[in-house]
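Asks: pasting the sequence and the predicted coordinates here, then a few questions.
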Amino acid sequence: MDVMPLLLLVAGSATLSAAARRTPVPAPLLVVAAGLAVSYVPGVPVYTLDPHIVLPLILPPLLYTAATDSSYLGLRAQLRPVALLSVGYVLFATLVVGWALYLLVPGLPLTAALVFGAVVAPPDAVAATAVARRVGLPSRITTILQGESLLNDATAITAFRVALAAAVGEGTTWAGGIGEFLLAAFGGLVVGLLLMVPLHWLRTHVKEALLQNTLSLLIPFVAYAAAEQVHASGVIAVVVVALYLGHRAWEVDFATRLQEEAVWKMVAFVLEAAVFALIGLQLPIVLRGLGEYAGAEALWYALAVFAVVVVARFVWVYPATFLPLLLSARIREREGRPGWKSPFVIAWAGMRGVVSLAIAFSIPLTAGGTGFPQRNLLLFLTFTTVIGTLVVQGLTLPPLIRLLKLPGRDVQAETLAEANAQAQASRIAEQRLDELLSDERNALPAPLADRLRTVLERRRNAVWERLGQTNPVTGESVDDTYRRLSREMISAERDVFVRLRDARYLDDEMLRTLLRRLDLEEAAAYRETA
């Protein structure tokens, strides 16, 4: 097997994603644009987006890392808007977009049009999370978009399967379709609930950090495969397990958490970059089979579908936001009136992504013994919808948020809450330290006992100092100065150790031990003030 194309894909997309962080353009958009440009460079390999790879091998880890970084309590607080978007909107978009395409394309069967509607219905988890992080959306909007993108793939994939069964002549009824949807949704929920406690038990009882992180890498694939094996939703199973494990991550030892954070950041970075590059690289493949639709006609269809997709989201979001407020005094009292700006941002942030393309490529070549109706046109329209939403909405979302002047996160209030929490924790820790030191079995020399108290005091004061003023000479905060001085001291020690190794006073094994100790101290100094 030739691995060079895969290496080129990963290396190129990762390099572009890293470079994009130095530009005002969101990384997903720059990588997609690069994929589009590179797709026609002579000698570039043909990268076919295989749904048998994307859905079971790429989607689970991306969902897992997004869900573990989400807030279970936040999602529970926003359960109604998340459910209305992840289930209600996806089904609404499937019907509206499918019906519009049926009216637009002569000779296209309604069942095939509904297949397409299900394909482009779900906003993408990767795109939504990546753009939300970059533009600094208010926390409530970010929670709603993340919750929607975590669960809507399950709705769309189930709707796609039902519509596809009707399109290929396998025969399905409304009752059968609803039954399949309920099986997928509740089956995925049950599988996730059954797996989450045993998996968490394993994570807390396996004491070797490397084994724990290996288990962490396997969890999303195990959850997805187990659910799919019983024809349930692997997406929901992964999300349920990840939310539970993320909510109880504090019960895992510190070494595992430190390693796990680094490992999953790397995995998410590489997969996200490769996914967006793959989107752009599909252009030659989708254009190759257009045939009779090549030219202005296909472009007209693409523009019309894009417009329907965008408008349909607005048509759903505003009633879904305000109708519950009109119908329930309790909801009005609890949530107040959100105004028109937040729903506008939620409606505009409906970028599509790799899941839509992967589902589209899984449309079979034949249906009922003949070719699937206008399959190549459906692939092309999926591609243009994904690209259109990523480029148009992704590029305009940051200036839109600035124009609407949405209130961002209140950093001052968050820091004050953090300082109060740290003060309470430090007080309890100090009481516990006094209890322990009063026992003769825990006797320590005075300098070491003072050191424990100093570390505790530093941790307590560090957050309060972030509320203070910056240094008038350097412009640094107290945190920045502390961190810089700590690193300078550690760097001086590190230089001495290296010189002693070069002089053959220390061997390399001893050097690695000493450097690791310094690395941990540097990390601790950074985390105390980060």
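Replies: Structure's in. What do you need? Every value quoted in this text rests on a predicted model; they were computed, and no experiment measured them.
Asks: against Q431, how distant is the residue of the chain most remote from its centre?
Replies: For the chain, the largest distance from the centre (CA atoms, centre = their mean) belongs to E440, which lies 50.6 Å off. Counting by CB to CB, to the nearest Å, the gap from E440 to Q431 is 19 Å. Glycine gets a C-beta too; all of them are placed from N, C-alpha and C.
Asks: repeat that for A358.
Replies: Distance of A358 to Q431, given as CB to CB: 55 Å.
Asks: which one of these two has more residues nearby?
Replies: A358 (24 against 10; other CB atoms under 10 Å).
Asks: which phi and psi does the more buried one have?
Replies: Main-chain torsions, A358, degrees, to the nearest 10: phi -60, psi -40.
Asks: how many other residues sit next to R161?
Replies: R161 - counted by other CB under 10 Å - has 19 other residues nearby.
Asks: to clarify, my last question referred to A298.
Replies: Considering only other CB under 10 Å, A298 is surrounded by 19 other residues.
Asks: now do A419
Replies: A419: 18 neighbours (other CB under 10 Å).
Asks: in which helix or strand does it reside?
Replies: For A419, the host element (DSSP states H and E) is helix 411-437.
Asks: with adjacent residues omitted, what lies nearest to I331?
Replies: P324 (5.2 Å; CB to CB, 6 or more residues apart in numbering).
Asks: what's the burial count for the one you found?
Replies: A count of nearby residues for P324, using other CB under 10 Å, gives 16.
Asks: where does it fall, phi/psi-wise?
Replies: Torsion angles, degrees, to the nearest 10, at P324: phi -60, psi -30.
Asks: any idea how far it lies from L145?
Replies: On the measure of CB to CB, P324 and L145 end up 18 Å apart.
Asks: kindly report the same for A255.
Replies: Distance check for A255 against L145: by CB to CB, it reads 33 Å.
Asks: repeat for E418
Replies: 24 Å.
Asks: neighbour-wise, which of those two wins?
Replies: When E418 is set against L145 and neighbours are counted by other CB under 10 Å, the residue ahead is L145, at 27 against 15.
Asks: hmm, W348 and the more buried one touching each other?
Replies: No. With contact defined as CB atoms under 8 Å, L145 does not reach W348; the gap is 10.8 Å.
Asks: confidence score at L390?
Replies: pLDDT, the model's per-residue confidence, is 88 for L390.
Asks: distance of the residue lying closest to it once chain neighbours are set aside relative to A225?
Replies: Spatial nearest neighbour of L390, excluding adjacent residues (CB to CB, 6+ apart): M351 at 5.3 Å. According to CB to CB, M351 and A225 sit 28 Å apart.
Asks: and what of L278?
Replies: From L278 to A225 the distance is 22 Å (CB to CB).
Asks: more neighbours, those two?
Replies: Comparing L278 with A225 by other CB under 10 Å, the one with more neighbours is L278, at 24 against 15.
Asks: secondary structure element for the more buried one?
Replies: Counting by DSSP H and E, L278 is found in helix 254-281.
Asks: cool, P42 as well?
Replies: Using DSSP H and E, no helix or strand contains P42.
Asks: can you count the residues close to it?
Replies: 4.
Asks: so what's it scoring on pLDDT?
Replies: 84.
Asks: look up how far P284 lies from it.
Replies: Taking CB to CB, one finds P42 at 12 Å from P284.
Asks: can you check A165 too?
Replies: 31 Å.
Asks: who has more neighbours out of those two?
Replies: Comparing A165 with P284 by other CB under 10 Å, the one with more neighbours is A165, at 17 against 13.
Asks: what about that one, which SS state?
Replies: Here A165 is recorded as helix under DSSP: H, G, I helix; E, B strand; the rest coil.
Asks: for my notes, confirm I363 occurs in a strand.
Replies: No. Looking at I363 with three-state DSSP, it is coil, so not inside a strand.
Asks: which parts of the stretch 51-200 of the chain are helices?
Replies: 51-53, 59-69, 72-77, 79-83, 90-104, 110-120, 125-135, 139-167, 174-205 (DSSP state H, counting those that start in this stretch).
Asks: what's the local residue count around A83?
Replies: 15.
Asks: please report the distance of it from P42.
Replies: Distance from A83 to P42, by CB to CB: 49 Å.
Asks: what's the separation between the residue nearest the centre of the chain and L199?
Replies: Geometric centre of the chain, nearest residue: A66, 3.5 Å, by CA atoms, centre = their mean. Look at A66 and L199: by CB to CB, they are 18 Å apart.
Asks: ok, now L281?
Replies: Remark: distance between L281 and L199 (CB to CB) = 35 Å.
Asks: more neighbours: the two, which one.
Replies: Comparing L281 with L199 by other CB under 10 Å, the one with more neighbours is L281, at 23 against 20.
Asks: that one contacts G35, doesn't it?
Replies: Yes. Counting by CB under 8 Å, G35 is a contact partner of L281 at 4.5 Å.
Asks: what residues are up against the closest residue to L217 other than its chain neighbours?
Replies: Nearest non-adjacent residue to L217, counting by CB to CB, 6+ apart: V263, 7.1 Å away. Going by CB atoms under 8 Å, 6 or more residues apart in numbering, V263 touches 213, 216-217.
Asks: hmm, which of those are the buried ones?
Replies: 213, 216 (16 or more other CB atoms under 10 Å).
Asks: between the contacts of V263, which sits nearest A242?
Replies: S216 (10.3 Å; CB to CB).
Asks: residues contacting that closest one?
Replies: 203, 256, 260, 263-264 are the contacts of S216 under CB under 8 Å, 6+ apart.
Asks: which among the residues you listed count as buried?
Replies: Buried among those by 16+ other CB under 10 Å: 203, 256, 260, 264.
Asks: ok, the third one to L202 distance?
Replies: Read that as E260. E260 is 14 Å from L202, by CB to CB.
Asks: quick check: S39 vs F276, distance?
Replies: 13 Å.
Asks: who has more neighbours out of these two?
Replies: F276 (30 against 18).
Asks: enumerate every residue touching the more buried one.
Replies: 13, 17, 27-28, 31-32, 35, 126, 353-354.
Asks: so among the residues you listed, where is pLDDT lowest?
Replies: V126 (65).
Asks: E509: which of the contacts of F276 is nearest?
Replies: Among these, and counting by CB to CB, the member closest to E509 is S17, at 36.0 Å.
Asks: tell me where the model's unsure across the stretch 51-200 of the chain.
Replies: Scanning the stretch 51-200 of the chain for pLDDT under 70 picks out 125-136, 169-175.
Asks: doesn't R203 make contact with L245?
Replies: Yes. With contact defined as CB under 8 Å, L245 and R203 form a contacting pair (7.0 Å).
Asks: how about the helices in the stretch 401-530 of the chain?
Replies: Under the criterion DSSP H, counting those that start in this stretch, the stretch 401-530 of the chain contains helices at 411-437, 446-465, 478-502, 508-529.
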